[in-house]
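Student: Structure, please.
(one chain, ligands or ions: 1)
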Amino acid sequence: MELTPQIKDKLDKLQEKYTAMGQDMSAYLDGLLYADFLTYWDYIHLDTLLSLQHPKTSFPDEEIFIMYHQITELYFKLSLHELKQIAEHEQLTVKFMTDRVKRINAYFTALVSSFEVMVDGMEKEQFLKFRMSLLPASGFQSGQYRMIEISATDFGRLIEKSKREELANATIEEQFEHIYWKSGATELSSGKQTLTLKQFINKYAAQFLQLVKDRQHTNLSALYHRLEAEGQDVSALAEELRKLDLFVNVEWPLSHYKSAVRYLEKDPVDIAATGGTNWQKYLPPRFQKRIFYPFLWTGEQMEEWGKGWVLSVLKTLRNEG
Ligand code: HEM
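Tutor: Numbers count the residues shown, from 1 in each chain. Alright, predicted model coming up:
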């Protein structure tokens, strides 16, 4: 084969690269000679990925439950990947941030629409049986979900409503004691912390606190204010942040709530959740009123947060049932 000028040029550049690192290029070329060609399945570790489903029971629908959680966690990971790029960017621009928030919104669009896989995709009779083998595990223990929240807004927004003002200037550790989801995970009967919550805190508290510190000035809210203060046009960014707020705090929680209603609602007494929360009071967005960016909404919009949606969702479900 002819050694074209282009190939010679490439060899010269490779030689430069290896010499700069004190390496012998010819040895690396030997490596290339013997290396196998890359395959699709090796590249994405397909065999490992497909070997990660281990149901606790023999009900076939349990695999759907496991896989859909795994799919969701991968989308959460994609979202965190974008949030990290935004937070660690050395010369952040409105364009970069807007484009990355758009990506997160695309992930959540997929998550919200695919939740039908849970709502309609399993036999209720199977679900109600296999769930008993999963106690006290619950999606409540999704650490990535909490990390998305921490990266998206000022930590003060995640303090339970009744303590928010009082703890505005408290230390991060004190504020963490009153993060909103702790109050959700209390035993229905005794009011004590659930085992689900205790295990979750044991595993993640240190990691969460570190992330809160890391994102104190680089969460999306803080960065938006910084870019705005620099006099940049942040209107497109504001639009994407509003969408994100609705996705994470209304639409995803509602699709999820629909699942809880479909599988756990039963007149006259609702079925207890595996995590033991008072889920009917805890899960609906209109009760939690989690809002990342209050400065981007009107008072009326915040007042109505999640209301119309919850009612229409419940109505549809009841009509279907
Ligand atoms: C049939 C499907 C599902 C049902 C019936 C269900 C039920 C529940 C219930 C009752 C809770 C309240 C905590 C508890 O007491 O356990 C909860 C919380 C939670 N679940 Fe699910 N869930 C389902 C699917 C999922 C999926 C696929 C995910 C994806 C990771 C997920 C993630 C979460 C998260 C993040 C929370 C905490 C929500 C919050 O703090 O506002 N769940 N779930």
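
Student: next SSE after the one helix or strand Asp47 maps to?
Tutor: Asp47 belongs to helix 46-49 when elements are defined using DSSP states H and E. Later in the chain than helix 46-49, the nearest helix or strand by DSSP H and E is helix 61-88.

Student: Quick one: list the elements packing against that following helix.
Tutor: helix 94-114, helix 116-119, helix 124-130, helix 143-152, helix 220-229 (3 or more CB pairs under 8 Å, 6 or more residues apart in numbering; DSSP states H and E). Yep, even glycine has a C-beta here, placed from its N, CA and C like the rest.

Student: Which strands and helices lie in contact with the first one?
Tutor: Packed against helix 94-114, as judged by 3+ CB pairs under 8 Å, 6+ apart, are the following elements: helix 61-88, helix 220-229, helix 235-246, helix 252-264.

Student: Dump the ones you listed to JSON lines, plus mean pLDDT.
Tutor: Listed next are these as JSON lines, based on pLDDT from 0 to 100:
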{"stretch": "helix 61-88", "mean pLDDT": "98"}
{"stretch": "helix 220-229", "mean pLDDT": "98"}
{"stretch": "helix 235-246", "mean pLDDT": "96"}
{"stretch": "helix 252-264", "mean pLDDT": "93"}
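
Student: Save these as JSON lines, and put in distance to the ligand and mean neighbour count too.
Tutor: Output for these, formatted as JSON lines (distance: least, CB to the nearest ligand atom, whole Å; neighbours: other CB atoms under 10 Å):
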{"stretch": "helix 61-88", "distance to the ligand": "4", "mean neighbour count": "17"}
{"stretch": "helix 220-229", "distance to the ligand": "19", "mean neighbour count": "17"}
{"stretch": "helix 235-246", "distance to the ligand": "15", "mean neighbour count": "18"}
{"stretch": "helix 252-264", "distance to the ligand": "4", "mean neighbour count": "20"}
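
Student: I figured Lys56 hits Ile66, correct?
Tutor: No: here Lys56 lies out of contact with Ile66, judged by CB atoms under 8 Å, at a distance of 9.1 Å.

Student: Need the pLDDT of Gly321.
Tutor: What the model reports for Gly321 is a pLDDT of 45.

Student: Next: Thr316.
Tutor: On pLDDT, Thr316 comes in at 63.

Student: how many neighbours does the closest residue to the ligand within the stretch 51-200 of the chain have?
Tutor: Per CB to the nearest ligand atom, Gly139 is where the stretch 51-200 of the chain lies closest to the ligand, at 2.4 Å. If you count neighbours by other CB atoms under 10 Å, Gly139 ends up with 15.

Student: And the average pLDDT for the helix holding Asp47 is what?
Tutor: 98.

Student: Pull out the buried positions in it.
Tutor: For helix 46-49, a neighbour-count test (16 or more other CB atoms under 10 Å) marks nothing as buried.

Student: Other residues contacting it?
Tutor: Taking contacts as CB atoms under 8 Å, 6 or more residues apart in numbering, the residues outside helix 46-49 that touch it are Tyr40, Trp41.

Student: do the same with stretch 67-76
Tutor: So stretch 67-76 is contacted by 52-53, 107-108, 110-111, 114, 117-118, 121, 139, 142, 144-145, 147-148 (CB under 8 Å, 6+ apart).

Student: Mind giving me the ChimeraX command for buried ones among those?
Tutor: ChimeraX command restricting these to the buried ones, with burial defined by 16+ other CB under 10 Å:
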select :107,108,111,117,118,142,144,145,147,148
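
Student: Farthest-apart pair in the contacts of stretch 67-76, please.
Tutor: Within the contacts of stretch 67-76, Gly121 and Met147 form the most distant pair, 26.9 Å apart (CB to CB).

Student: my guess is Val101 meets Ala236, correct?
Tutor: No: with contact defined as CB under 8 Å, Val101 does not reach Ala236; the gap is 9.7 Å.

Student: Confidence-wise, which of the helices and strands packed on helix 61-88 is weakest overall?
Tutor: Taking the mean pLDDT of the helices and strands packed on helix 61-88, helix 116-119 comes last: a mean of 93.

Student: what does it rub up against?
Tutor: By CB under 8 Å, 6+ apart, helix 116-119 touches Ile64, Phe65, Tyr68, Ser255, His256, Lys258, Ser259, Arg262.

Student: Right, I'll leave it there.
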